[in-house]
Structures are given as structure tokens and as C-alpha cells.
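From the sequence below, what's the structure:
(one chain, ligands or ions: 1)
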Amino acid sequence: MIPAKPPARPDKVSLFRYLKLFRADILSAQPAKLYRAWMAEFRTPFFRSYMVNDPELIRLVLNERPDNFPKSDRIGAGLRPLLGDSVFLTNGDLWKQQRRIIDPAFAGGRLRDTFPAIKAAGAAAVTRMAPLADGTPRDIEPETSHAAADVIFRTLFSVPIEDQIATRVFDAFKTYQRTQPILNLAAFIPGPRWMPRFFRRDTRATARLIRSLITDMTAARLAQIADGTAPDDLATKIMTTADPDTGDTFDVPQMVDQVAIFFLAGHETSAAALAWTLYLLAMHPEWQDKLAEEAQAWDGQFAGLSTLKATRDVFRESLRLYPPVPMMVRETTKPEVFRKRDVTPGAQVVLSPWHLHRHERIWDKPDDFDPARWQTENGKTGQRTAYMPFSAGPRVCTGAGFAMIEGVVLLAQMLAAYRFELVPDRPPVPVAHLTVRTANGMWLRISPR
Ligand code: HEM
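Below you'll find the model as predicted:
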């Protein structure tokens, strides 16, 4: 059985139809030929857009000359009320400075320090997910969202999600996502750059509320740092790290921008990855049993994480089939030649982990769930050239190492405790706005192991 895959649209549709499809779901709005193409051009009256699946071109954009392909500000427009000048949206020198201050907090050594907080969040999630007495299936997406939000608050600010402010932030984010689907369509909507971007009034109000709550937390932390009582967590680390080049540290407004993106980028994505992994395991009980055995044998220590090998392979396979960030957009700033085609400055470059990870000319049985592929020649080549759930190059996800630990730890804790089964009449339907989620929830039956 092949894991859920959105239907493709017919090869040719009108621009109007495309936009309508796109608004509903960016995955099923694409034609099937993109799973075989190395590049596809999309013409609009105001700009050209190129989806690039050729590994060499992707390397050029992300690794070799990333400064020539900044993030498109068409994407940023929809997120700015919430994220301000956060590292996810900035470009150039400002972005470089932000990474110099943030990256040390996520370096290898620091991950060991965040492990106890991740594990505590996982244990709390296991308690919340306790099977219902009558075996009724549950939608596990709210559970994985709750768990991933808890991980972020515990690692960043040393508070569990039950903390009053943390709960309010989490609830406000849910409202924000309802009022403003996070991927705004601006990069694909063929309007001129000056076209005004409208936000609903409640979207702006929610963004203001989230920012004011985060501002309170950040200001309180700054005071604790000043009087020497701050806990040693990611927030303290980031707020006390000076840019090695200029000596600057983040002030409160700058830190608020970063906290907003850590919360958003860090919890939506991990929540999606966990939910899809549990689904894939429910579909493949033999792998689920194997992982449960591995999890029960794990000593629960950071150093022992290396024993969770099959768990890591499964999580990696899940990130291949359901990359939480399905597409990324960059912009050309110079004349370029892509696969012998002239590309003018201002063109949109769409990089699609979704299509690359299922590319029919790269992967053996691309739509199959096969965690053993990572030990094969084809899987290893694919991993090197056509696998980028966390993007690549200098702009790679700051939280990639963190997310791999979080995913493996939470899975091990959940699988050691419970068995997850599919609910045949409620298969998940993947849809994507910013992250790949389900249209109607991820329904699974949970029972004690
Ligand atoms: C499975 C989980 C995750 C996935 C699949 C993921 C994926 C990604 C991807 C693909 C990007 C690049 C987006 C682009 O260039 O347009 C990104 C950027 C980013 N991610 Fe993650 N992410 C995950 C978890 C996290 C976590 C846990 C954090 C922080 C705690 C985080 C923080 C960030 C930040 C700050 C950026 C912006 C980096 C920059 O632009 O320089 N992510 N992530």
C-alpha cells in the first residue's frame, strides 16, 4: 500500500483555475509531470517563476551563490505582521548577523543541554495521549502540535506549555493560523510587487497579542539575566551571545522577532513530522514493532541515542515522503542561465523538497515507505543530492540538529508506551499551506503496548 499522496491536477489549466487550486492546496495544484521534470517554467503577466528539481541547480542556489538568490520578499509579506525582522525573513548583512548570534545556541554541544527538556516534554505528551477506555480513534495532530509547542517553550524559556503565558501564546498562534494561512500565496500570485497586501483585522490583532505576550517573557528574561537569576536555556544563551564581528547583542524587540520564528518554525514543522511518522508506522506494523523494541531497549540517556538507529531511519524516511516545508522560494537578482534558458532578475525560484523527494528519475520506488533505502546505493545517492527537508547551504534550518533529536526522542517515548493503528475509513489527506498537514485530521487508534 502506498502512503497517502495528493492527486495531481491535469497538465493544462487556466491561470484562474490554477490560483483557485493553489489556494486550496499547493500540492494537488501541481501537475504530475513535476515528479519527472528537472525544471518547469511558470509564466505570469508580472514575473516568471521556475520550479527547479535539478540537483546541480539547487546546489547553485542554496550552496554556491546563495547571496545572489535571496529569499523572496513576496513570501515575507504575509508573515511580517507576526515575525517582524526575524531571521526567517531577512536577507544580506542583517540576516548574517542574526545567524552569528543564534547559531551557537543550536551547536552540537548545546543540544546535549536541551535534551532533558525535550525528554520531559515527551513524557508529558505520553501521559496526555493515554488511550481512551473504549478504544475510540483520536486525531493525533493536536497532540503532536501540543507536544512540539511544549518542547519549544521548555527548551527556549524553561517553562512547560501549561505555564499561563505559554498557553496563551500557543492558543493565539492557533487563531493566527486560522485567520492567515501561513504560506501566503504572494510568491505565486501574479500581481505586481506594489500590489497592496491586505491582512484581516483579526490577523493583525492576533499578531499584536502574540508579540505582546512574547515581549513580556523576553523583558522578564532580560531582567533575570541582569540580576544573575536566569535559567541556562536557549533564550538566555541567545540573549547573552554577542555578535563576534560587532559585539552587538539582541535587544528586546529583536529577540521578540526571533522567538516568534522559533515558535512558528519549530513547532508546526516538528508536529507535522511526528504525526506523519506515526501514520506511516501505523501502516507498517512490522516497522512499528521494530521501533518499539528499540525504544524499550534504549537507556533513556543522551549518549544512548545512537542506539535508536531504525528510529532515525524511519524519521528520515518520513521527512522524505512528507517534508514539513514542502516548497521554498528564492528570487534571482542577476541575469542567470538555468538549463540553457535565460532567466531575468526578479524571477521567482521555487525549490520543492516535496517533488525532489519523490522524483521518479532519482529515487527507486519514490512513493513507497522504505526506511531500509538509506542503506542502499540509491538511497545514499538520493540523500546526498536530492534530500533537503531542512533546506541546505548557509541558510539551512537552524533547528535541524535539534529537530532530529526531538523527533527521535518523542517517537521512542510514544512507541515504547503505545501501539498506533490505522482507522480504515478515515485516511489522512495531505494538504499544504506552509507545512504539510492533513485536511481532516490524522485519525489513529491508540492502545497500550
Ligand atoms: C522537522 C522539523 C523541521 C523542519 C522539517 C524544518 C525545516 C526548515 C526549512 C526547510 C527551512 C528553510 C526555509 C526556507 O529557506 O525557506 C527552515 C528554516 C528555519 N528553521 Fe526549521 N525546520 C524544523 C524544525 C525547526 C526547529 C525545531 C527550529 C527552532 C527551534 C527551527 C528554526 C528554523 C529557523 C530559525 C529557520 C530560518 C533559518 C534562516 O532562514 O536562516 N526549525 N526550517
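
Against the ligand, how distant is residue 13?
26 Å (CB to the nearest ligand atom, to the nearest Å). Every residue, glycine included, has its C-beta placed from N, CA and C.

I misspoke; the intended subject was residue 116.
According to CB to the nearest ligand atom, residue 116 and the ligand sit 16 Å apart.

What of residue 384?
As for residue 384, its distance to the ligand is 17 Å (criterion: CB to the nearest ligand atom).

neighbours around that residue, how many?
When neighbours are defined as other CB atoms under 10 Å, residue 384 has 9 of them.

before we move on, what about residue 271?
For residue 271, the tally of surrounding residues (other CB under 10 Å) stands at 24.

Wasn't it part of a helix?
Yes - counting by DSSP: H, G, I helix; E, B strand; the rest coil, residue 271 is part of a helix.

That one: what's it in contact with?
Taking CB atoms under 8 Å, 6 or more residues apart in numbering as the contact definition, residue 271 lies against 141, 144, 145, 147, 148, 149.

quick one, phi psi at residue 387?
Backbone dihedrals for residue 387, given as degrees, to the nearest 10, come out at phi -130, psi 110.

Can you report how many residues lie near it?
Neighbours of residue 387 under the rule other CB under 10 Å: 23.

pretty sure it contacts residue 320?
Yes - using CB atoms under 8 Å, residue 387 is in contact with residue 320, at 6.3 Å.

coming back round to it: quick one: which of the contacts of residue 271 sit in helices?
The members of those that map onto helices under DSSP state H are 141, 144, 145, 147, 148, 149.

ok, back up a step: overlap in contacts of residue 387 and residue 320?
Residues touching both residue 387 and residue 320 (CB under 8 Å, 6+ apart): residue 357.

Quick check: closest non-adjacent residue to residue 105.
Using CB to CB, 6 or more residues apart in numbering and skipping the chain neighbours, the partner closest in space to residue 105 is residue 237 (4.2 Å).

And residue 129, by the same measure?
residue 143 (5.4 Å).

and that neighbour, what is it in contact with?
Neighbour list for residue 143: 125, 128, 129 [criterion: CB under 8 Å, 6+ apart].

Out of those, which end up buried?
Taking 16 or more other CB atoms under 10 Å as the criterion, what is buried in the contacts of residue 143 is 125, 129.

and of the contacts of residue 143, the nearest to the ligand?
Of all the contacts of residue 143, the ligand sits closest to residue 125, with 15.2 Å by CB to the nearest ligand atom.

before we move on, back to that, dump the ones in helices among the contacts of residue 271 to TSV, plus distance to residue 344.
Formatted as TSV, the ones in helices among the contacts of residue 271 follow (distance: CB to CB, whole Å):
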residue	distance to residue 344
141	41
144	42
145	41
147	45
148	40
149	42
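
gap between residue 39 and residue 339?
For residue 39, the distance to residue 339 equals 5 Å [CB to CB, to the nearest Å].

Identify the contacts common to these two.
Both residue 39 and residue 339 are in contact with 54, 57, where contact means CB under 8 Å, 6+ apart.

The spatially closest residue to residue 1 that is not a sequence neighbour: how many residues sit nearby?
Closest residue to residue 1 apart from its sequence neighbours, by CB to CB, 6+ apart: residue 283 at 6.4 Å. Burial of residue 283 is recorded as 18 neighbouring residues (other CB under 10 Å).

Might one say that residue 35 is in contact with residue 355?
Yes - with contact defined as CB under 8 Å, residue 35 reaches residue 355; the gap is 5.9 Å.

Between these two, which has more neighbouring residues?
The residue with more neighbours, out of residue 35 and residue 355 and counting by other CB under 10 Å, is residue 355; that gives 25 against 22.

That one and residue 51 touch, don't they?
Yes - counting by CB under 8 Å, residue 51 is a contact partner of residue 355 at 7.2 Å.

measure residue 361 to residue 407 for me?
To residue 407, residue 361 is 28 Å away according to CB to CB.

what about those two, which has more around it?
Neighbour tally, residue 361 and residue 407, criterion other CB under 10 Å: the higher count belongs to residue 407, 24 against 11.

how about the contacts of residue 271 in TSV, adding distance to the ligand, pLDDT and neighbour count?
Formatted as TSV, the contacts of residue 271 follow (distance: CB to the nearest ligand atom, whole Å; pLDDT from 0 to 100; neighbours: other CB atoms under 10 Å):
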residue	distance to the ligand	pLDDT	neighbour count
141	15	92	22
144	11	96	24
145	13	93	22
147	12	96	28
148	8	95	27
149	11	94	24
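
Now do the strands in the stretch 1-150 of the chain.
Assigned by DSSP state E, counting those that start in this stretch, the stretch 1-150 of the chain shows strands spanning 39-43, 48-52, 138-139.

what residues does the shortest one touch?
So that's strand 138-139. 129, 132, 441, 442, 443, 444, 445, 446.

Out of the residues you listed, which sit inside strands?
If you go by DSSP state E, those have 443, 444, 445, 446 in strands.
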